[in-house]
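Undergrad: I need the structure of the sequence given here:
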Amino acid sequence: MAQLKASEADRRIAAMEKSGPDHALYLIYGPDHGLAFERASRIAKSSGADMEDAFATVRLDADDAASDPSRLADEAHTVSMFGGKRLIWVRGTTRKNLLKAVEPLLALPPEDAVVIIETGDLKKTAALRSRIEKSPHALAVPCYADGGAAVSQLVADMVQQAGKTIDRETARALVDLLGGDRLASRGEIDKLLLYTGEDREITMDHVSTIVGDAASLAIDSVVDAAATGDMAKMEKTTKRLLAQGTAPFLIINACLRHFQMLHMARARMASSRQDAGSIIGGLRPPINFQRKDAVVRALRLWSGPDLEKTSRRLDAVLLECRSNAALEQPLLMTMLLAITRQAQRLSRLN
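TA: Here you go, the predicted structure:
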């Protein structure tokens, strides 16, 4: 069966970067969209296709690929005019049956093309995921939020590649400040490396100055206000962030990570019979002390099914933002208003 454990994905992709892709089709899925994009990009580069050549690299929206099921196979089996590998990269989600477009490729895999399907989170029972996991010609690559060990490795790799050093205590402090989203973590580490300039050693002063800045704290404030039903604070802080140039998708992504964390914490409450305060107090990396009370209130407020439903809506909104940047801000405000009103309704019921 062609499926990877989440912990094996980076090692497998590193091997592809040395010797080339080992399957004709790759399904990159999961809730961490930053990590999904990073892994899809690495596989794309390893394919050997010229990513600047529109004939060698074809990019398709998932909805378009599903609307014309024969197009994906036609593109994959088209012979390059000038020789060499071709890359077919499908991105986004669709309510249509994308599996119909994929089936011909599993029956007759292309010899001179690599197909990448980068999508959102998929249940184990999802038809597309299930079919690809059973095919010897395709590989499913899961992308879940980074845990502490993965973030530590990311820090170590990026610092080493930059020719700098960081001691264990400073590295641990940096990891505690970074979240589980791979793309956001890379952005913070890149910013830190740029700030250190010609300094060879990264110090605690560098980390405290650059990482976890006021904008990040303000985004957390928006998330907590929405999750606890504080409409005035949510609207005021969101408007200030947008006026300062904060990208709407960063706020949506922070909301998604927060509700996924609450969903996990709610499950632990049910299995361990601990109260909300104990569960939040035991999280690693720890919740910032300034946020702890608000996070505990949110965990007490939201049920498991409500958290799961909201996480899925946020996931869908984030993908829609990526496909239509012009709608980012309206989508953000609509989603935040919906979450805040739901929190207010839950407060009245409790």
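
Undergrad: List the buried residues for stretch 60-68?
TA: Within stretch 60-68, the residues that qualify as buried are 60, 62, 65-66, counting by 16 or more other Cβ atoms under 10 Å. All C-beta spots, glycine's among them, are computed from the backbone N, C-alpha and C.

Undergrad: which one of these is nearest residue 328?
TA: residue 62 (18.8 Å; Cβ to Cβ).

Undergrad: Do I have it right that that closest one meets residue 116?
TA: No. With contact defined as Cβ atoms under 8 Å, residue 62 does not reach residue 116; the gap is 11.5 Å.

Undergrad: Overlap of the contact sets of these two?
TA: Residues touching both residue 62 and residue 116 comprise residue 90, with contact defined as Cβ atoms under 8 Å, 6 or more residues apart in numbering.

Undergrad: want to throw the buried residues of stretch 60-68 into a markdown table with pLDDT and distance to residue 125?
TA: A markdown table is the format used below for the buried residues of stretch 60-68 (pLDDT from 0 to 100; distance: Cβ to Cβ, whole Å):
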| residue | pLDDT | distance to residue 125 |
| --- | --- | --- |
| 60 | 93 | 25 |
| 62 | 91 | 19 |
| 65 | 93 | 22 |
| 66 | 93 | 19 |
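
Undergrad: what sits against residue 96?
TA: For residue 96, the contact set (Cβ under 8 Å, 6+ apart) comprises 63, 66-67.

Undergrad: I meant residue 49, not that one.
TA: The neighbours of residue 49, taking Cβ under 8 Å, 6+ apart as the test, are 56-57, 84-87, 113-114.

Undergrad: switch to 10 Å and redo it
TA: Residue 49 makes contacts with 55-58, 80, 84-89, 112-114, as judged by Cβ atoms under 10 Å, 6 or more residues apart in numbering.

Undergrad: repeat for residue 295
TA: Going by Cβ under 10 Å, 6+ apart, residue 295 touches 220, 223-224, 227-228, 258, 261-262, 265, 276-277, 279-280, 283, 287-288.

Undergrad: how much space between it and residue 305?
TA: As judged by Cβ to Cβ, to the nearest Å, residue 295 and residue 305 stand 19 Å apart.

Undergrad: What of residue 115?
TA: Summarising the geometry, the distance separating residue 115 from residue 305, computed by Cβ to Cβ, is 36 Å.

Undergrad: Could you do residue 340 as well?
TA: Using Cβ to Cβ, we find residue 340 at a distance of 19 Å from residue 305.

Undergrad: what about those two, which has more around it?
TA: Neighbour count, other Cβ atoms under 10 Å: between residue 340 and residue 305, residue 340 has more, with 22 against 10.

Undergrad: could you measure that one against residue 309, distance?
TA: 15 Å.

Undergrad: Pull the contacting residues for the closest residue to residue 275 other than its chain neighbours.
TA: Leaving aside its sequence neighbours, residue 275 sits nearest to residue 269 (Cβ to Cβ, 6 or more residues apart in numbering; 7.4 Å). Residues near residue 269 by Cβ under 10 Å, 6+ apart: 275-276, 278-280, 299-300, 304.

Undergrad: when you check the residues you listed against the helices, which ones overlap?
TA: Judged by DSSP state H, the subset of the contacts of residue 269 located in helices is 276, 278-280, 299-300, 304.

Undergrad: Turn these into TSV, including neighbour count and pLDDT.
TA: Converted to TSV, these look like this (neighbours: other Cβ atoms under 10 Å; pLDDT from 0 to 100):
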residue	neighbour count	pLDDT
276	18	88
278	13	88
279	20	88
280	25	88
299	22	94
300	16	94
304	15	92
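
Undergrad: got any ranges where the stretch 151-300 of the chain has weak pLDDT?
TA: Counting by pLDDT under 70, the stretch 151-300 of the chain shows low-confidence ranges at 179-180, 212-217, 285, 289.

Undergrad: Can you identify each of the helices in it by residue range?
TA: Taking DSSP state H, counting those that start in this stretch as the criterion, the stretch 151-300 of the chain carries its helices at 168-177, 182-196, 204-210, 214-228, 231-243, 248-272, 276-281, 292-301.

Undergrad: Let me know whether residue 307 touches residue 266 as I believe.
TA: Yes. Using Cβ atoms under 10 Å, residue 307 is in contact with residue 266, at 5.9 Å.

Undergrad: quick one, which of the two is more surrounded?
TA: Neighbour comparison, residue 307 and residue 266: the larger count goes to residue 307, with 24 against 21 (by other Cβ under 10 Å).

Undergrad: name the element the more buried one belongs to?
TA: With secondary structure defined by DSSP states H and E, residue 307 is part of helix 304-323.

Undergrad: thinking again about what came up before, can you tell me which of the buried residues of stretch 60-68 is nearest residue 144?
TA: Using Cβ to Cβ as the measure, the one of the buried residues of stretch 60-68 that approaches residue 144 most closely is residue 62, at 20.3 Å.
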